[in-house]
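Engineer: Show me the folded form of this:
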Amino acid sequence: MLAMALCGKANNLLHRPSRIVLHSHAMKSLDSEHSAAPARAISSRHVPDLIGLVILLAALAATYGPVLVELVRDWIRDPNYSHGFLIPLVSAYFLWRNRQELRNALVSPSIIGVGGVLLAAAMLILGTAGAEVFTQRVSFILLLASLVLFLQGWRRLRVVAFPLAFLLLAIPLPYVIYYSLTAPMQALAAKCAVVGLKGIGVPAIAQGNIIHMPQGSLEVAEACSGIRSLYAFLAVGALVAYSTSIPLWGRLLIFLMTIPLAVAGNAVRVWGSGMGAYLIGPEATGGTIHELFGLMVFAVSLGVFVLIRKAVRSLWSSGTSSPSLSSASREPTRDNFAPVSRPAGKSPRSNNSPES
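Structural biologist: Here you go, the predicted structure:
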């Protein structure tokens, strides 16, 4: 009998943990169901937003698809705008880098964005009717900014303002503006090159975009007008100005300094071509020598730009630096303390003495 009782107790002890384990599994399943319920509720709340986003993207693709396809074709056809493939990637990088700031920004939709959407639609219609692709492309960027303002508010628009504005550098200039800039820039480069050539004793005369020398004439072609280097400098200047922690006036100064640097660098490049034609011959005005000299001039111009950025930063830091600490606010010494007189018969209270 005793043996049977002991066996029964042993069986009870052996079966208890299994019930406990089963109970714990049941509690875990209940907890998982309770935790999954809010997740399902949250996902169900986001379903309308996702549907609206898909509809919006589909509408943008249907409206601006042909405009963007033609823009990519211009990047391929025109070497002056081949940098356009990099601009959207850089904008996407800055959006990704500012993602935490974008999440923390307060969402406050503004009705003013509707006005921007209507303006972008009007620009698209007028650009399509007048066959002006520049207006159509700018309207796309304006539409993106207006949608952010209307759906998310001013604070989030401020976070994405630079990446959206940077996209403007990927849009080719209208032909009217392009040709009105290239001719004066060609003539300016020729005149500056003639001044440099005369400065070192090389006889030269500028006639429009033609440089006449004893060895022959050198034409400053449209490709040497400096538009390509100007766009490159504007892109670099915008990135550097945006990444520099200085006030707005300093950033604008850094950005605008890229224009004279690009013009001066192109003039030096034309002067180098004239020197090559004078010393070597016409073969120095093209080919590998011409390309290498152009890269050297661009590198030197970038170095000058870096020095200008450092100068602007030093001006800002010198204007905001706090004055040096006076001798009274420096580290205290024994001589800084005056003796303290205490009444006779009283000693200073120790840290362990009780409060009264």
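Engineer: Surely Leu95 forms part of a helix?
Structural biologist: Yes: Leu95 forms part of a helix when assessed by DSSP: H, G, I helix; E, B strand; the rest coil.
Engineer: what's the helix or strand for Arg251?
Structural biologist: helix 248-256 (DSSP states H and E).
Engineer: Show me what that helix is packed up against.
Structural biologist: With contacts taken as 3 or more CB pairs under 8 Å, 6 or more residues apart in numbering; DSSP states H and E, helix 248-256 sits against helix 227-243, helix 287-320. C-betas here are computed from N, CA, C, even on glycine.
Engineer: quick check: mean pLDDT across the first one?
Structural biologist: When you say that, I think you mean helix 227-243. In this model, helix 227-243 carries a mean pLDDT of 88.
Engineer: where along this protein do the strands fall?
Structural biologist: Remark: strands assigned in the chain by DSSP state E are 205-207, 210-213, 216-219.
Engineer: Relative to Val54, how far out is Ile308?
Structural biologist: In this view, Ile308 and Val54 are 47 Å apart by CB to CB, to the nearest Å.
Engineer: So these two - more neighbours on which side?
Structural biologist: Ile308 (17 against 10; other CB atoms under 10 Å).
Engineer: Would you confirm that the more buried one contacts Thr258?
Structural biologist: No: taking contacts as CB atoms under 8 Å, Ile308 lies outside contact range of Thr258: 9.2 Å.
Engineer: Tell me which of the strands of the chain sits nearest to Ser314.
Structural biologist: strand 205-207 (38.3 Å; CB to CB).
Engineer: now, of the strands of the chain, which is deepest in the fold?
Structural biologist: strand 210-213 (a mean of 18; mean count of other CB atoms under 10 Å).
Engineer: Report the strands that pair with it, each with its relative direction.
Structural biologist: Strand 210-213 pairs in its sheet with strand 205-207 (antiparallel), strand 216-219 (antiparallel), by DSSP bridges.
Engineer: and the longest one, C-alpha only, in PDB?
Structural biologist: Output of strand 216-219 as PDB, limited to C-alpha atoms (Å, rounded to 0.1, in the frame of the first residue of the first chain):
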ATOM      1  CA  GLY A 216      46.500  81.800 -86.600                       C
ATOM      2  CA  SER A 217      43.000  82.400 -85.200                       C
ATOM      3  CA  LEU A 218      41.500  80.600 -82.200                       C
ATOM      4  CA  GLU A 219      37.700  80.400 -81.900                       C
END
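Engineer: Any chance of the strands of the chain in CSV with distance to Leu149 and mean pLDDT as columns?
Structural biologist: Listed next are the strands of the chain as CSV, based on distance: least, CB to CB, whole Å; pLDDT from 0 to 100:
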stretch, distance to Leu149, mean pLDDT
strand 205-207, 50, 89
strand 210-213, 51, 88
strand 216-219, 49, 83
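Engineer: Dump those strands into a markdown table; add distance to Thr285 as well.
Structural biologist: Shown next, in a markdown table, are the strands of the chain (distance: least, CB to CB, whole Å):
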| stretch | distance to Thr285 |
| --- | --- |
| strand 205-207 | 16 |
| strand 210-213 | 10 |
| strand 216-219 | 6 |
